[in-house]
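1. kindly return the folded structure for what I paste below:
(one chain, ligands or ions: 1)
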Amino acid sequence: MKIAILGGTGEQGPGLALRLAIAGEEVIIGSRNKERAEKVATELNAELGGTRIQGAENAQAAQAAEIVMMTVPYSAHLSTLEGVKAQVQGKIFVDVSVPLDPENPRRMKMPPAGSATEEAQEFLGPGTKVVAAFQNVAAHLLRDPKHAIDCDILVCGNDVEAKKTVISLIAKMGLKGYDVGTADSSRVVEGLTSILIRLNIRHKVKGAGIRLTGLPQ
Ligand SMILES: NC(=O)c1ccc[n+]([C@@H]2O[C@H](COP(=O)([O-])OP(=O)(O)OC[C@H]3O[C@@H](n4cnc5c(N)ncnc54)[C@H](OP(=O)(O)O)[C@@H]3O)[C@@H](O)[C@H]2O)c1
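-> The predicted model follows:
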């Protein structure tokens with residue numbers, strides 16, 4: 001499968017790219033700047049010893065991919081969606097965005113739609129299947145694929161089959177994903193990130209995460 005990661009040049013994108021590439025997927029790092037994307041792709045390929053990761057400008061990455069992920073700061077959420085709206089029609093769109101309050105990242109500043117995920121679904125329209133995932137996992141944990149990550153991935157969205165596809169990708173990445181409901185569940189899932197940030201600060205750690213218990217394996 002070809003998977004694009006828009007804004008994949010930052011903190012969260014490279015770890016997702018590495019784990020997807022190790023799982024055997026083809027990855028296209030997206031960026032506003034093609035050269036920046038190619039540079040990150042080259043670095044990740046050197047680390048992996050392969051050529052599974054390419055770089056491209058965001059819209060081209062979205063066009064070439066079957067599944068499109070987005071890891072940009074919430075401040076760039078709508079503008080980035082606007083640039084790829086045509087390219088993601090008919091595709092699964094995985095939104096990783098968390099609308100933290102820019103003045104205080106311990107708090108959320110939810111958009112009028114309710115959450116970033118609902119905003120993306122509303123903006124992209126019913127032709128794109130928006131799925132929320134990876135909001136509660138820290139970038140540095142994803143970035144170190146030799147180490148298992150001690151947390152679960154909460155997955156939500158309105159299309160059941162799209163969520164199943166994303167959960168099976170998550171399994172290939174060595175993680176356990178759970179379908180936690182429709183797109184409105186993302187109000188809670190995105191909100192949990194601000195709590196994890198509070199816990200990280202309080203306990204002077206970097207990787208607090210969520211683990212579900214009491215469920216059948
Ligand atoms: N970092 C984490 O541990 C973590 C954990 C869970 C969820 N998240 C969420 O994941 C998303 C990405 O986080 P991150 O830490 O990876 O962010 P980041 O490193 O600050 O930014 C990621 C990429 O977004 C692009 N970008 C930055 N500003 C932009 C703008 N104004 N317009 C368009 N593109 C812009 C940049 O790529 P180019 O300059 O190459 O275009 C940048 O490399 C956020 O919504 C965050 O809340 C992050």
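2. secondary structure element for whichever residue of the chain sits closest to the ligand?
-> The minimum distance from the chain to the ligand, using C-beta to the nearest ligand atom, falls at Gly10 (2.2 Å). Placement of C-beta: from N, CA and C, glycine included. Assessed by DSSP states H and E, Gly10 sits outside every helix and strand.
3. what comes up buried for whichever strand or helix holds Lys163?
-> Using DSSP H and E, Lys163 maps to helix 160-172. Within helix 160-172, the residues that count as buried by 16 or more other C-beta atoms under 10 Å are 162-163, 165-167, 169-170.
4. isn't Ile153 right next to Gly177, touching?
-> Yes: proximity of Ile153 to Gly177 meets the contact threshold set by C-beta atoms under 8 Å, at 4.2 Å.
5. hmm, back to that, report the mean per-residue pLDDT for the helix holding Lys163.
-> When pLDDT is averaged along helix 160-172, the result is 98.
6. send me it as PDB with only the CA atoms.
-> The C-alpha trace of helix 160-172 is given here as PDB (Å, rounded to 0.1, in the frame of the first residue of the first chain):
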ATOM      1  CA  VAL A 160     -16.300   1.000   9.800                       C
ATOM      2  CA  GLU A 161     -14.300  -0.500   7.000                       C
ATOM      3  CA  ALA A 162     -11.900   2.400   6.900                       C
ATOM      4  CA  LYS A 163     -11.300   2.000  10.700                       C
ATOM      5  CA  LYS A 164     -10.700  -1.800  10.100                       C
ATOM      6  CA  THR A 165      -8.100  -1.000   7.500                       C
ATOM      7  CA  VAL A 166      -6.300   1.500   9.800                       C
ATOM      8  CA  ILE A 167      -6.400  -0.900  12.700                       C
ATOM      9  CA  SER A 168      -4.800  -3.600  10.600                       C
ATOM     10  CA  LEU A 169      -2.100  -1.200   9.600                       C
ATOM     11  CA  ILE A 170      -1.600  -0.400  13.200                       C
ATOM     12  CA  ALA A 171      -1.200  -4.100  14.000                       C
ATOM     13  CA  LYS A 172       1.500  -4.300  11.200                       C
END
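7. report all helices and strands that it contacts.
-> strand 67-70, strand 92-95, strand 129-132, strand 152-157, strand 176-179 (3 or more C-beta pairs under 8 Å, 6 or more residues apart in numbering; DSSP states H and E).
8. just checking: what are the partner strands of the helix or strand bottoming out on mean pLDDT in the chain?
-> Lowest by mean pLDDT, DSSP states H and E among the helices and strands of the chain is strand 104-108, with a mean of 95. Taking DSSP bridges as the criterion, strand 104-108 pairs within the sheet with strand 100-101 (antiparallel).
9. got a list of contacts for the partner strand?
-> 74, 107-109, 193-194, 197 (C-beta atoms under 8 Å, 6 or more residues apart in numbering).
10. can you rerun that using 6 Å?
-> 107, 109 (C-beta atoms under 6 Å, 6 or more residues apart in numbering).
11. how close does Asp179 sit to Ile197?
-> 25 Å (C-beta to C-beta, to the nearest Å).
12. show me what contacts the most centrally placed residue in the chain?
-> For the chain, the residue nearest the mean C-alpha position is Val96 (3.4 Å; C-alpha atoms, centre = their mean). Going by C-beta under 6 Å, 6+ apart, Val96 touches 12, 71, 134.
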